[in-house]
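>>> below are the sequence and a predicted model; questions follow.
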Amino acid sequence: MFDNLSDRLNSTFKKLKGHGKLSEKNIAEGLREVRMALLEADAHYKVVKNLIAGIKERAVGQEVLSSLTPAQQVIKIVNDELTALMGSQHEDLNLSGPSPASVMLVGLQGSGKTTTAGKLAVHLRKQGKNPYMVPLDVYRPAAIDQLTKLAGELSVPVYPSDTDMDPVEIAKKAGEEARKQGCDVVILDTAGRLHVDEALMAELANIKTAISPSDIMLVADAMTGQDAVNIAQSFDQALDIDGVVLSKMDGDARGGAALSIKAITGKPIKFIGVGEKTNALEAFHPDRMASRILGMGDMLSFIEKAQGAVDEKQAADLEKKLRKSEFTLEDFRNQMAQVRKMGSLTDLVKMIPGAGKNKQLQNMDVDDHELVKIEAIINSMTRLERRQHNIINGSRRKRIAKGSGTSVQDVNKLLKNYAQVLKMIKKLNKGGMMKGLGRGMMPF
């Protein structure tokens, strides 16, 4: 996401840095390129106009023109203005009021409501909540089946909706049933249409009146660009939505919807969907997103992902093993599994500050399948081989390669990399540096 916009903006800032002293003229030229980059990203033209005006007003002032590093000051101003444009700070779900609270998901058909319902259930459970899922799309039996199956996979209770039932009555009864089962948040997956129509809005309005939801969240497809903004306006006018979930942000989204929705509707983006897996939902932080757009990375989100993936007991055990230089291939495999939980390696690299400006890192496309291959190779070893890698001779390597569907060269490469890791751990232990490592932090 935002790759093209980031590239254009960084190219513009690079030109500005080439000027020892900035003038109103070269600032105006730079802002013209910023405006074009934002329009190409499919940001709303009114939003772009106001944003550029705000940047220009500050950029031609004394804080920039008299600065020792004027180009950096311009970048800071753009960062501040982008952050303000997208809402300044993260806004979470509103779960106030009597229990169970209810979150009503609305949106067009195909926008990702059902998948988002599952992701929200996982998110809420991490916060210590007990979610209850409710399928309200009685017009499509497949929609009810999909949510019911998803709820089963997540071990989340679900209301037994049927196509003969009335959505408003389901919504009412679901709240009572959730209360009986000790659930404190009801997630309502409403029906969608291929486009906004009166019948859909009337039904949603009736559900809202009947249950007074704590939070009405519009799920909008980020891939649709300006259409997502128009859809948000329509739903907001009819239902007075509380916020937006932008789905499919991991696809070829140019970013215009994320930049425009808050400015046009006044309603915050609360979450973004960044993949198909049920843990691929990120809280939307405007300041962090602005940093990502400008290629400054996002270490806070990186750390949060790491914390969510790390098993505390495994981390404590690993710390002891590292200090004794007893890091086995089993430990290596477990670490790979925890890294995979954090998401795409390519996306993780982009969160590192400076990665956006480093050509090698910027163009690096990390193949996540390599981690799958490593895991397959280690799983094909016997328990003894995983704990004593030195016994893996030529015939064992052939057997491991055959069992994992890889080549002997792949097995050799893994063992070579593992041996280098062991050497590094021993060096760190010798120098006493391992003592300084925090629990669960890897030295490689």
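Cool, got the structure.

>>> for residue 215, grab phi and psi.
According to degrees, to the nearest 10, the main-chain angles of residue 215 amount to phi -150, psi 130.

>>> with the one 3 residues further on instead?
Note on residue 218: its backbone torsions stand at phi -90, psi 130 [degrees, to the nearest 10].

>>> mind listing what it touches?
106, 107, 231, 232, 235, 236, 241, 243, 244, 245, 267 (C-beta atoms under 8 Å, 6 or more residues apart in numbering). Every residue, glycine included, has its C-beta placed from N, CA and C.

>>> helices and strands around the strand or helix carrying the fifth one, which ones?
Applying DSSP states H and E as the criterion places residue 235 in helix 226-239. Taking 3 or more C-beta pairs under 8 Å, 6 or more residues apart in numbering; DSSP states H and E as the contact definition, the neighbouring helices and strands of helix 226-239 are helix 198-211, strand 215-221, helix 256-265.

>>> next structured bit after it?
That would be, after helix 226-239 and using DSSP H and E, strand 243-247.

>>> ok, that next one: who's next to it in the sheet?
Applying DSSP bridges, strand 243-247 is found paired with strand 215-221 (parallel), strand 269-273 (parallel).

>>> these into a markdown table, with extra columns for distance to residue 119 and mean pLDDT?
Shown next, in a markdown table, are the strands paired with strand 243-247 (distance: least, C-beta to C-beta, whole Å; pLDDT from 0 to 100):
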| stretch | distance to residue 119 | mean pLDDT |
| --- | --- | --- |
| strand 215-221 | 10 | 93 |
| strand 269-273 | 7 | 92 |
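
>>> tell me which of the ones you listed sits nearest to residue 38.
strand 269-273 (16.8 Å; C-beta to C-beta).

>>> what's the helix or strand immediately after that closest one in the chain packed up against?
For strand 269-273, the following helix or strand on the C-terminal side (DSSP H and E) is strand 281-283. Using 3+ C-beta pairs under 8 Å, 6+ apart, the elements in contact with strand 281-283 are helix 113-126, strand 269-273.

>>> any chance of these in a markdown table with distance to residue 26 and mean neighbour count as columns?
Shown next, in a markdown table, are these (distance: least, C-beta to C-beta, whole Å; neighbours: other C-beta atoms under 10 Å):
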| stretch | distance to residue 26 | mean neighbour count |
| --- | --- | --- |
| helix 113-126 | 44 | 22 |
| strand 269-273 | 33 | 24 |
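
>>> which one, of those, ends up nearest to residue 39?
That would be strand 269-273 among those, by C-beta to C-beta, at 20.1 Å.

>>> alpha carbons of the closest one, in PDB - could you do that?
Extracted in PDB, the C-alpha atoms of strand 269-273 (Å, rounded to 0.1, in the frame of the first residue of the first chain):
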ATOM      1  CA  ILE A 269     -10.700   5.100  10.000                       C
ATOM      2  CA  LYS A 270     -10.400   2.800  13.000                       C
ATOM      3  CA  PHE A 271      -8.900  -0.300  11.500                       C
ATOM      4  CA  ILE A 272      -7.300  -1.600   8.300                       C
ATOM      5  CA  GLY A 273      -7.400  -5.100   6.900                       C
END
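
>>> which residues touch that strand?
With C-beta under 8 Å, 6+ apart as the criterion, strand 269-273 contacts 86-87, 90-93, 112, 115-116, 119-120, 123, 217, 222, 243-250, 258, 261-262, 280-284.

>>> again, but for stretch 396-411
373, 376, 377, 379, 380, 381, 385, 392, 412.

>>> cool, and stretch 165-175?
Counting by C-beta under 8 Å, 6+ apart, 100, 102, 132, 134, 136-138, 159, 161, 186, 188, 190-191, 203, 206-207, 210-211 sit against stretch 165-175.

>>> what comes up buried for it?
165, 167, 168, 170, 171, 174, 175 (16 or more other C-beta atoms under 10 Å).

>>> low-confidence ranges in this structure?
For the chain, applying pLDDT under 70 flags the ranges 1-3, 17-22, 62-71, 251-254, 295-325, 339-368, 428-444.

>>> could I have the CA atoms of the longest helix anywhere in it written out in CSV?
If each helix of the chain is counted by residues according to DSSP state H, the longest one is helix 408-430. Only the C-alpha atoms of helix 408-430 are listed here, as CSV (Å, rounded to 0.1, in the frame of the first residue of the first chain):
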residue,chain,number,x,y,z
VAL,A,408,20.1,-31.4,-1.0
GLN,A,409,21.4,-28.0,-1.8
ASP,A,410,18.4,-26.5,0.2
VAL,A,411,19.3,-28.7,3.2
ASN,A,412,23.0,-27.7,2.9
LYS,A,413,22.1,-24.0,2.8
LEU,A,414,19.9,-24.3,5.9
LEU,A,415,22.6,-26.1,7.9
LYS,A,416,25.2,-23.6,6.8
ASN,A,417,23.1,-20.6,7.9
TYR,A,418,22.3,-22.4,11.2
ALA,A,419,26.0,-23.0,11.8
GLN,A,420,26.7,-19.3,11.3
VAL,A,421,24.0,-18.4,13.8
LEU,A,422,25.6,-20.7,16.3
LYS,A,423,29.0,-19.0,15.8
MET,A,424,27.3,-15.6,16.3
ILE,A,425,25.7,-16.8,19.6
LYS,A,426,29.0,-18.1,20.9
LYS,A,427,30.8,-14.8,20.1
LEU,A,428,28.0,-12.8,21.9
ASN,A,429,28.3,-15.1,24.9
LYS,A,430,32.1,-14.7,25.0
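
>>> possible to save the buried residues of stretch 165-175 as JSON lines with secondary structure and distance to residue 74?
Below are those laid out as JSON lines (DSSP: H, G, I helix; E, B strand; the rest coil; distance: C-beta to C-beta, whole Å):
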{"residue": "165", "secondary structure": "coil", "distance to residue 74": "58"}
{"residue": "167", "secondary structure": "helix", "distance to residue 74": "52"}
{"residue": "168", "secondary structure": "helix", "distance to residue 74": "53"}
{"residue": "170", "secondary structure": "helix", "distance to residue 74": "54"}
{"residue": "171", "secondary structure": "helix", "distance to residue 74": "51"}
{"residue": "174", "secondary structure": "helix", "distance to residue 74": "52"}
{"residue": "175", "secondary structure": "helix", "distance to residue 74": "52"}
